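Undergrad: I need the structure of the sequence given here:
(chains A and B)
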Amino acid sequence: MSTPPVLILGARSDIGLAVAHAFAQQGHPVQLAARDAASLAPDQADIATRHDVEVTLHEFDALDIEGHDAFVESLADLPEIAVCAVGLMGDQEENTQDILAAARVMRSNFEGPAGILAMLANRFETRGTGTLVGISSVAGERGRATNYIYGSAKSGFTAFLSGLRNRLAKKGVHVVTVLPGFVNTQMTAGMDLPAPLTAEPKEVAEKIVKAVSSGRNIVYVRPVWRLIMAIIKAIPEGIFKGMKI
Amino acid sequence: MMLSGWGRFPTIYAPVEAPRDEATLAAAIAKGGVIARGNGRAYGDSAISRRGTIDMRRFNRMISFDQEAGILIAEAGVLLADVISSFLPRGWFPLVSPGTKFVTLGGMIAADVHGKNHHAHGSMRAAVLWLDLMGPDGQIRRCSAQENADLFEWSFGTMGLTGIILRAAIRLTPVETGWITQTMHPAENLDQAMTLFEENADATYSVAWIDCLSTGAAQGRSLVMLGEHATSSDLSFRERDDVFASVQKKKKRLPFEAPAFAMSPPVVKAFNAAYFWNGRRKQGPSLVDWDTYFYPLDAILDWNKAYGRKGFLQFQCALPLEASKAGLTELLAAISGAGAGSFLAVLKRLGAQSSRYSFPMLGYTLALDFPANAKNLNLLQRLDRITISHGGRFYLAKDSRMSAETLRDSDPRTADFLTQRHLSKAAGAFQSSQSERLDL
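TA: As a prediction, the model looks like this:
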């Protein structure tokens, strides 16, 4: 049997590309899905040249919910593994003032990713095999003043992944929730991030490949984040609301 | 940020930009006085500009590979290590490789690196079919032996001073396995070592570890190591399970900066004697994996910290064939006389010069490092004069301290290169700390 294909949703992101490389390195063909997919041709060539696998490009807009069905139909092969790296941080200041900007962040981090994974989940369920990987965020663990628009959408996505995993557990389909913490990407360029808490995209990708092969459920890329978030979640609300974190 | 080369001397404050696309890169060049930097493995200040250092590691995509011809087209920031891990399993190995695989293709071209097969295959120039160079005007020119040939030839060995290399087509060499059949020949002195090189001119790879501290009848005692790519039939059962030697060995990391005495003359002297006698016992052929054979020091990440906080100086010269014996004898006498020397001294027979400003010339090259201090800086100046008096020249990728006068005295090609710099308007656009020091 040949190595099954891996679909990367949001393949333009640094994490998405790193995940594509990591699976290609294991010999998997990869399907790169993103808006303006044709512009990913240099990355397509890079992955195909480096890893000697087939790489295809697929036009995909996470916010175009109506188009998701046609998108999945257009894939020559239904993937065995699908990784959703779609996300949008936005600017919190703008998000709190501009309801349309906020809605866009919520839709990009929750509605879109959940929609496409739901559609793939149903097909994987019918087939009886497959793995879905959702890249969520530790920001979804508790809403904070500095990024609760983004955080609330990720929170919804995390809950969705948890429910999906529960539903499909006995149907041969596995769901992985990835909580990367800080990652050194274009999304965080210019932010002053503490090095011990900040992962490289490659590190995230390697953790995902490992989690898929070993059937992990929830993955913190840097384990210290599990501890940090446990502490943040344990702070009583009365104290938490007065804090600046 | 503070930048230094692999030798950790000198350390210079320089603003760094890491563009992701050609438009941003062109805008950076327009500011003037910039230099491209790859993975920072040049030893000195070749890839540092106080006015603007451009980190090219985001231009790291491979573009295509011709499996029949073994030709890779890739962006300049691609690491040699990645080229090997991608193509060795498909039966291809770099035609030219320096002593570390943690270099970018752009850096390999700019330094015109050479390897253990220089006597047979030439320097990096021999492995490059064409390159795309962004000039002072932000325009990209395809350069090859046919197209922009002049610019092409000047771009090897000139440390990025002709422009910024974006992409290149490089030739790999076909191999059946990832193993090397190595033969070790002890040489009791310099004369024997040189005779071994001359007698084994048909070996694909040859290099010698040389003891720079031994004197008298043992002056220049060496271990000459020859190598050939092993064929499938050379492998024993042990290697057949891993034909391309792709199983990663554990990397070690130097946990701290070594104290100064670790490199003091008595320690080095004792080490060298032990190394020589140990090597002598192991003479004869053996099978070695490609990583150990070509990149022994890569197994110790951050080995450059062995010289402590102040860093170290590399000295590498090339001497013309007819003057090699006399020149090397005089250099070794000066080094042992000063009681300064290193574990890592290398002697190698070179082939002919490959391109217009190539460092290698038909003859011999000697390379070694010294802790960076005032005494050794003086010693290196003495070695400079000895080299020049024998018609030799210096490797810019290793240099961190040479004077402009020394460069001009050693390398008459420099005047022509300066003319090229001015005519092409590269002189204002591309500058490094090294080029300023050398008046290039």
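Undergrad: which helices and strands does the lengthiest helix in chain A pack with?
TA: When every helix of chain A is counted residue by residue (DSSP state H), the longest turns out to be helix A:148-168. Packed against helix A:148-168, as judged by 3 or more CB pairs under 8 Å, 6 or more residues apart in numbering or on different chains; DSSP states H and E, are the following elements: helix A:92-97, helix A:99-106, helix A:112-127, strand A:130-135, strand A:173-179. Using the backbone N, CA and C atoms, a C-beta is placed for each residue, glycine as well.
Undergrad: Go through the lowest-mean-pLDDT helix or strand in chain A and flag the buried ones.
TA: The element with the least model confidence among the helices and strands of chain A, by mean pLDDT, DSSP states H and E, is helix A:92-97, at a mean of 90. Within helix A:92-97, the residues scored as buried using 16 or more other CB atoms under 10 Å in any protein chain shown are A:92, A:95.
Undergrad: counting contacts, what elements does it pack onto?
TA: Based on contacts counted as 3+ CB pairs under 8 Å, 6+ apart, the elements that helix A:92-97 packs against are helix A:99-106, helix A:148-168.
Undergrad: Residues contacting the shortest one, please?
TA: When contacts are taken as CB atoms under 8 Å, 6 or more residues apart in numbering or on different chains, the neighbours of helix A:99-106 outside the stretch itself are A:63, A:88-91, A:94-96, A:149-150, A:152-153, A:156.
Undergrad: Run the chain-centre distance for it.
TA: For helix A:99-106, the gap between its own C-alpha mean and the chain's C-alpha mean amounts to 19 Å (CA atoms, centre = their mean, to the nearest Å).
Undergrad: Can you dump the C-alpha atoms of that helix in CSV for me?
TA: Coordinates of each C-alpha in helix A:99-106 appear next as CSV, following Å, rounded to 0.1, in the frame of the first residue of the first chain:
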residue,chain,number,x,y,z
ILE,A,99,-17.3,44.4,15.2
LEU,A,100,-16.6,43.3,11.6
ALA,A,101,-13.0,42.8,12.3
ALA,A,102,-13.9,40.8,15.4
ALA,A,103,-16.4,38.7,13.4
ARG,A,104,-13.7,38.0,10.9
VAL,A,105,-11.3,36.7,13.6
MET,A,106,-14.0,34.6,15.1
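Undergrad: now B:Asp191: how far from chain A?
TA: Applying CB to the nearest CB, to the nearest Å, one obtains 47 Å for the distance of B:Asp191 from chain A.
Undergrad: Helix or strand for that residue, just tell me which one.
TA: Element membership of B:Asp191 [criterion: DSSP states H and E] is helix B:190-199.
Undergrad: where exactly do the helices run in the stretch 1-150 of chain B?
TA: B:22-30, B:80-87, B:105-110, B:118-121, B:149-154 (DSSP state H, counting those that start in this stretch).
Undergrad: quick one: contacts of the second one?
TA: Taking contacts as CB under 8 Å, 6+ apart, the residues outside helix B:80-87 that touch it are A:49-52, B:62, B:65, B:70, B:72, B:74, B:93-94, B:97-98, B:101-105, B:108, B:172, B:246, B:290.
Undergrad: Please pick the buried ones from the residues you listed.
TA: Buried subset of the contacts of helix B:80-87 (neighbour count, 16+ other CB under 10 Å): A:49-52, B:62, B:65, B:70, B:72, B:74, B:93-94, B:97-98, B:101-105, B:108, B:172, B:290.
Undergrad: is the closest residue to chain A within the stretch 101-250 of chain B in a bridge, and if so with what?
TA: Among all residues of the stretch 101-250 of chain B, B:Arg167 sits closest to chain A, at 10.7 Å; criterion: CB to the nearest CB. With DSSP bridges applied, B:Arg167 shows beta-bridge pairing to B:Glu75, B:Asp132.
Undergrad: Give me the neighbour count for it.
TA: Other residues lying near B:Arg167 total 21 when counted by other CB atoms under 10 Å in any protein chain shown.
Undergrad: how about it, what does it touch?
TA: Counting by CB under 8 Å, 6+ apart, the residues that B:Arg167 touches are B:59, B:63, B:73-76, B:131-132.
Undergrad: could you redo the last one with a cut-off of 7 Å?
TA: B:63, B:73-76, B:131-132 (CB atoms under 7 Å, 6 or more residues apart in numbering or on different chains).
Undergrad: still on that earlier bit, same list (the contacts of helix A:99-106) but as CSV, adding distance to B:Gly52.
TA: Formatted as CSV, the contacts of helix A:99-106 follow (distance: CB to CB, whole Å):
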residue, distance to B:Gly52
A:Leu63, 39
A:Leu88, 32
A:Met89, 29
A:Gly90, 32
A:Asp91, 29
A:Glu94, 32
A:Asn95, 35
A:Thr96, 38
A:Ile149, 38
A:Tyr150, 35
A:Ser152, 42
A:Ala153, 40
A:Gly156, 45
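Undergrad: Look up the residues forming beta bridges with the closest residue to A:Pro79 other than its chain neighbours.
TA: Taking CB to CB, 6 or more residues apart in numbering or on different chains, and ignoring the residues beside it in sequence, A:Pro79 has A:Leu7 as its nearest neighbour in space, at 3.8 Å. With beta bridges defined as DSSP bridges, A:Leu7 has these partners: A:Gln31, A:Ala82.
Undergrad: I'm done for today, thanks for sticking with me.
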